[in-house]
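Asks: sequence first, then the predicted structure, then my questions.
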Amino acid sequence: MDEELKTYLEGKFAQVDARFEQVGKRFEQVDARFEQVDARFEQVDARFEQVDARFDQVDARFDQVQKRFAEVDANFAQIREELHDTETRLLSEFWKWGRTTEIRVRRLETLDATTADRLAAMEERIFTLERKAEIARSNRRSEYYKSANLTRLSPG
């Protein structure tokens, strides 16, 4: 029985060994599959790293754009302030110019009114002198005609 048992056990061990070999091959297949999965995960990790790097580039670009917007905002604020200062200076100068122009215009209006008054007075004087001259001419004619003993023939 020993020999039978030994043969039997050897057969069983051979079956177990064959089974272990099958299981070992199966584990090798599973290991190969795991290696494929690991390689795929490495590819996915590499792709994620590329995507992360791209996100970092995009973030850096957004930071640059944001910085540029801040510069533009600062420039705009400076331009707005300079424009306000320029407007203030212009308005001040126009006000000064308007004030002096108003004084000049008032002076001219006063001079114009004075000149008009003086002109009216001169016209009145001239009219009075012309009347006196006409009267004097008329008197001289009368005297001439009286001295010449002529009747008055001329108009006047």
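Replies: Okay, I see it. None of these values were measured; they are calculated from a predicted model.

Asks: and whichever strand or helix holds T86, how far from the chain's centre?
Replies: Under DSSP states H and E, the secondary-structure element containing T86 is helix 2-147. When distances are taken as CA atoms, centre = their mean, to the nearest Å, helix 2-147 is centred 5 Å away from the chain's centroid.

Asks: report pLDDT for the most centrally placed residue in the chain.
Replies: In the chain, the residue lying closest to the centroid (CA atoms, centre = their mean) is F76, at 6.8 Å. Listed pLDDT for F76 reads 93.

Asks: cool, and Q15?
Replies: 91.

Asks: how many other residues sit next to it?
Replies: By other CB atoms under 10 Å, the residues close to Q15 number 10. Every residue, glycine included, has its C-beta placed from N, CA and C.

Asks: repeat that for S147.
Replies: 8.

Asks: against E28, how distant is it?
Replies: Plainly put, S147 is 169 Å away from E28 if you go by CB to CB, to the nearest Å.

Asks: V16 now?
Replies: Distance from V16 to E28, by CB to CB: 18 Å.

Asks: got the CA positions of stretch 28-36 in CSV?
Replies: Extracted C-alpha coordinates of stretch 28-36, given in CSV (Å, rounded to 0.1, in the frame of the first residue of the first chain):
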residue,chain,number,x,y,z
GLU,A,28,1.5,35.5,-15.0
GLN,A,29,-1.4,36.4,-17.4
VAL,A,30,-3.0,38.5,-14.6
ASP,A,31,0.4,40.0,-13.8
ALA,A,32,0.9,40.8,-17.5
ARG,A,33,-2.6,42.4,-17.6
PHE,A,34,-1.7,44.3,-14.4
GLU,A,35,1.4,45.5,-16.2
GLN,A,36,-0.7,46.6,-19.1
